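> give the three-dimensional model of this entry:
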Amino acid sequence: MAVLVLNTGSSSVKYQLIEDGVRLAAGKLEGVDGLDDLLAGLARDHPVPVAIGHRVVHGGDRFRDPVLVDAEVIAAIEELEPLAPLHNPINLHGIRRCQAVFPGVPQVAVFDTAFHQSLPPEAYTYAVPGDWRVRRYGFHGTSCAAAVRQAATLGHEGNLIVLHLGNGASATAVERGRSVDTSMGLTPLEGLVMGTRCGDIDPGMPGYLARVRGLDPQAVEDALSHDSGLKALAGTHDLREVHSELALAVYCRGIRKYVGAYYALLGRVDAIVFTGGVGENSPEVRARSLSGLERLGIVVDAARNEAGDRVISPPGAEVGVLVLPADEEAEIARQTMALLSGAAHPGPDAG
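Residues are numbered from 1 along each chain as shown. Okay, the predicted model is just below:
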């Protein structure tokens, strides 16, 4: 009963073959050119999986749950490509190659935006002309779902603030298991400062740059996506190599602002969850991001933080502070099997 999970990105492919919670195979392939060889090797060396789960970045407002892939779903993912031009096409490439190598094996699409379909209208609506037909979607949903599930096992089932900090970064306010606000918006640019993405900026900046610098919209969008964030502030997108005090201050200050805002929105917070590569591995970022919030009941135990414990708040703290692994592949496998067992919605949302 093995499930193959494929996370096909623009520059790499992460995969896991999971059977009853045990990883039979796992790894990361740089580039997608070797995908056929990877799949052929898995088919040769392991039992044929009962299902294949795929991470698909953008499901728009059509997909609230994982879905079995068929012609209709493929067409819908293609239609959503303008919202994720770097991701949805390559996600589809992974689906199609698996269909060729494993014909007849059910393919399941798990959407990164699905967890945030519970956002209320006041959270996803932008105050812009309605005929633009834009809204907040949010991302890192699979990671958030995994964090919520893991936090529950540690006794934190109430209101959470999930901080997914990696090369991409986001904050999500979770009320009793449901996303009620999230920092990323129509695209993954909005919100926290990231490795190469700007995070929140004045929306008038692109127009200003067009008038004053003569930059075209595509050049501005490319720069905000690929040459901004930590890369712009410190010359590198890898936080492990960032030595600029200003860059770290900007990065952590933005996280602290979102924690405060989401605390106010939720009214009560049971735990703050750090996840993602930076969230899991940087004690300095965790400490600096929550510094000064003691009056809100948010305290980081320095020894536990440096040791990398799963719980880094002191015993009896009003607000738990957790460090949890971003095991997206395990979450995709779980959602894939839930769908096949009939525990999830089978198709696109009619709305």
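> the stretch 51-200 of the chain: helices as residue ranges?
71-79, 88-101, 121-124, 141-153 (DSSP state H, counting those that start in this stretch).
> could I get the ones you listed as CSV with mean neighbour count?
Placement of C-beta: from N, CA and C, glycine included. Below are the helices of the stretch 51-200 of the chain laid out as CSV (neighbours: other CB atoms under 10 Å):
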stretch, mean neighbour count
helix 71-79, 15
helix 88-101, 18
helix 121-124, 13
helix 141-153, 23
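> select, out of those helices, the one closest to residue 179.
Checking these against residue 179 by CB to CB gives helix 141-153 as the closest, at 6.6 Å.
> and stretch 51-70, end to end?
The separation between the terminal residues of stretch 51-70, taken as CA to CA, to the nearest Å, is 14 Å.
> tell me who's in contact with residue 162.
143-144, 147-148, 171-172, 174, 273, 275 (CB atoms under 8 Å, 6 or more residues apart in numbering).
> mind picking the two most distant members of those residues?
It's 148 and 171 that sit farthest apart of the contacts of residue 162, by CB to CB, at 13.9 Å.
> so where's the stretch 251-351 of the chain uncertain?
Within the stretch 251-351 of the chain, the segments meeting pLDDT under 70 span 343-351.
> average pLDDT across stretch 22-30?
Stretch 22-30 shows a mean pLDDT of 90.
> re the thing from before, in CSV: the helices of the stretch 51-200 of the chain, plus mean pLDDT.
Below are the helices of the stretch 51-200 of the chain laid out as CSV (pLDDT from 0 to 100):
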stretch, mean pLDDT
helix 71-79, 96
helix 88-101, 94
helix 121-124, 98
helix 141-153, 96
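> now the strands: where do they sit in the stretch 1-150 of the chain?
With DSSP state E, counting those that start in this stretch applied, the stretch 1-150 of the chain shows strands at 3-8, 12-19, 22-30, 51-56, 67-68, 107-111, listed in chain order.
> closest one to residue 90 among those?
Nearest to residue 90 among those is strand 3-8 (5.4 Å), distances taken as CB to CB.
> that closest one: which residues count as buried?
Residues of strand 3-8 classed as buried: 3-8 (neighbour count, 16 or more other CB atoms under 10 Å).
> how is this structure carved up into domains?
Structurally, the chain divides into domains by automatic domain parsing as follows: 3-111, 155-323.
> quick one: end-to-end distance for the longest one.
Spelled out, that is domain 155-323. 14 Å.
> okay, strands next: where are they in the stretch 201-350 of the chain?
For the stretch 201-350 of the chain, the strands defined by DSSP E, counting those that start in this stretch occupy 271-275, 320-323.
> so which elements touch the last one?
Judged by 3 or more CB pairs under 8 Å, 6 or more residues apart in numbering; DSSP states H and E, strand 320-323 is in contact with strand 271-275, helix 283-290.
> out of the ones you listed, which comes closest to residue 250?
Closest approach to residue 250 among those (CB to CB): helix 283-290, 11.1 Å.
> flag every buried residue along the closest one.
283, 285-290.
> could you do stretch 102-114 as well?
For stretch 102-114, by 16+ other CB under 10 Å, it's 102, 106-114.
> dump the strands of the stretch 1-150 of the chain into TSV; add distance to residue 39 as well.
Listed next are these as TSV, based on distance: least, CB to CB, whole Å:
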stretch	distance to residue 39
strand 3-8	9
strand 12-19	9
strand 22-30	10
strand 51-56	9
strand 67-68	19
strand 107-111	12
